[in-house]
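Q: Here you go, sequence then predicted model.
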Amino acid sequence: MTMTRRGMLKAAGAGAALAGSGYAIPKALADALKLPAALSEGTRAAAVLDALPGKKPLIKLSYRPPNYETPIELLGGNGITPNDAFFVRYHIADIPEVDAKTWKVKVGGDGANGTAELSLADLKRMPAHEVTAVCQCSGNRRGLFSPHVAGVEWGYGAMGCARWRGARLKDVLNKVGLKQEAIEIVFDGADNAIVQKTPDFVKSIPLAKALDENTLLAYEMNGAPLPHWNGFPARIILPGWTGTYWVKHVISINAVTKPFDGFWMKVAYRIPVNKFPTEVFASQNSDVNTPITEMVVNSLITSHADGAQVKAGSAATLSGIAWDAGDGIAKVEASSDGGASWKPATLGPDLGRFAFRPFSFTTPPLAAGAHKVSVRAENKKGQKQVTELILNPAGYHHNVVQTLTLNAA
């Protein structure tokens, strides 16, 4: 497919627009994008606001394959990320427009008792389930690592939270039945590589996760059909686990009796053993590394960017979101004095244990000058954000306590 570009580079305050330009943004416009200072100069220079069909202008980091992150100001509010502002992440560049009328997903594999082909209508006739959950790229905030590591240099916005609706995966698998020997479920999507040597993006999950009541083959997002760029007509929803497993445009689901050994499982998306307090994907373990699985507890101020101007002598009210792998956020604390003291933030509505939890807090009146403001989250399991980066080769699980500067004048 040829992706029709409806790009727009917003010339902030200049009254100019370059449709689909893809040109690098001048420094003043990069600053208007509110890109984190910790991003590499190359990433900051190449970043561009660009609108894919059906999307608001998002921060484009690459076009083939398309990798677009959500500006932080679009992540706050009520905790739900609108479909047209939801980030876009692909690994391979041939992304076909799927015809819902002819689309079918094949279900089978050597770990199944039979085979089936399900149309979108078949899927919608099955009992529907809805879950509100965060989808976050495993490499979100990779661009903030120091030293920098290889991979898409994401800032804060390779994530979003939506209400996902579809059939439970366990109900789909019941259509074919599973053998006792089945240990993993393997997914493939309709996207393909442009270059033959590039491995197809195929992922597997443990059988227990596949049978979880919240694991879905979803066809709706926030009450509407899935957008093309977010997996139309159906994608995997794996609440609590990072987005690498949320396969889009699903065309096959196979139960297998041996650990799947594709590139995107055996080589990519792996972390050092015992580095993070997350669930273990036992059948894919090695002595030195293991697949990334759950998200780690995290938070983000969305109302103000680093360096934001506020009124001297007045209090400032900030807001943001916190999230984890599904244990639920217990508290968010805020500091207005560089971490010397902390006070509880006010938590917003609980949209579900897998969802963003909004929060807000108000600083004391701020004297003229620069002020360091920080937030940190803790979940109901007692897990907290870290104060020092946990280094790993692929730049995963960045959940260092966020600190930004407010300039009072």
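A: Everything's here; your move.

Q: where's the residue nearest the centre of the chain relative to R89, distance?
A: Geometric centre of the chain, nearest residue: Q136, 1.7 Å, by C-alpha atoms, centre = their mean. From Q136 across to R89, the span is 10 Å (C-beta to C-beta, to the nearest Å). In short, each C-beta sits where N, CA and C put it, glycine included.

Q: Roughly how far does the residue nearest to the centre of the chain sit from R125?
A: Distance from Q136 to R125, by C-beta to C-beta: 31 Å.

Q: can you tell me which residues contact the most far-flung residue of the chain relative to its centre?
A: Going by C-alpha atoms, centre = their mean, the residue of the chain most distant from its centre is G313, 37.8 Å out. Residues counted as contacts of G313 (C-beta atoms under 8 Å, 6 or more residues apart in numbering) are 365-368, 408.

Q: neighbours of E333, just the number please.
A: 20 (other C-beta atoms under 10 Å).

Q: sec struct for it, please.
A: Of the three states, E333 takes strand under DSSP: H, G, I helix; E, B strand; the rest coil.

Q: hang on, the earlier thing: for the residue farthest from the centre of the chain, give its distance to I72.
A: Going from G313 to I72 by C-beta to C-beta gives 27 Å.

Q: And the helices in the stretch 201-350 of the chain, which stretches?
A: Assignment of helices within the stretch 201-350 of the chain using DSSP state H, counting those that start in this stretch yields the ranges 207-210, 263-266.

Q: Now do the shared contacts for Q136 and R89.
A: 158, 243.

Q: contacting residues around A325?
A: Neighbours of A325 in contact, by C-beta under 8 Å, 6+ apart: 240-241, 278-279, 294-297, 354, 379.

Q: can you tell me how far the closest residue to the residue nearest to the centre of the chain other than its chain neighbours sits from A340?
A: Spatial nearest neighbour of Q136, chain neighbours left out: M159 (3.7 Å); criterion: C-beta to C-beta, 6 or more residues apart in numbering. Distance of M159 to A340, computed by C-beta to C-beta: 30 Å.

Q: between the helices of the stretch 201-350 of the chain, which gets nearest to G155?
A: When the helices of the stretch 201-350 of the chain are compared by C-beta to C-beta, helix 263-266 sits nearest G155, at 23.4 Å.

Q: and A158, what is it in contact with?
A: 67, 69-70, 87, 89, 136-137, 139-141, 152, 243.

Q: repeat that with 6 Å
A: Counting by C-beta atoms under 6 Å, 6 or more residues apart in numbering, A158 touches 69, 87, 137, 140.

Q: same deal with A330?
A: A330 neighbours (C-beta under 6 Å, 6+ apart): 378-380.

Q: Which one of those residues is nearest to W264?
A: W264 lies nearest to N379 out of these, by C-beta to C-beta, at 28.2 Å.

Q: Compute the number of surrounding residues for that closest one.
A: N379 has 23 nearby residues by other C-beta under 10 Å.

Q: go on, the one 5 residues further on?
A: As a burial measure, the neighbour count of K384 was computed by other C-beta under 10 Å and equals 17.

Q: For it, give its distance to A268.
A: The value you get for K384 to A268, if C-beta to C-beta is used, is 28 Å.

Q: got it, and H228?
A: Taking C-beta to C-beta, one finds H228 at 24 Å from A268.

Q: That'll do, ta.
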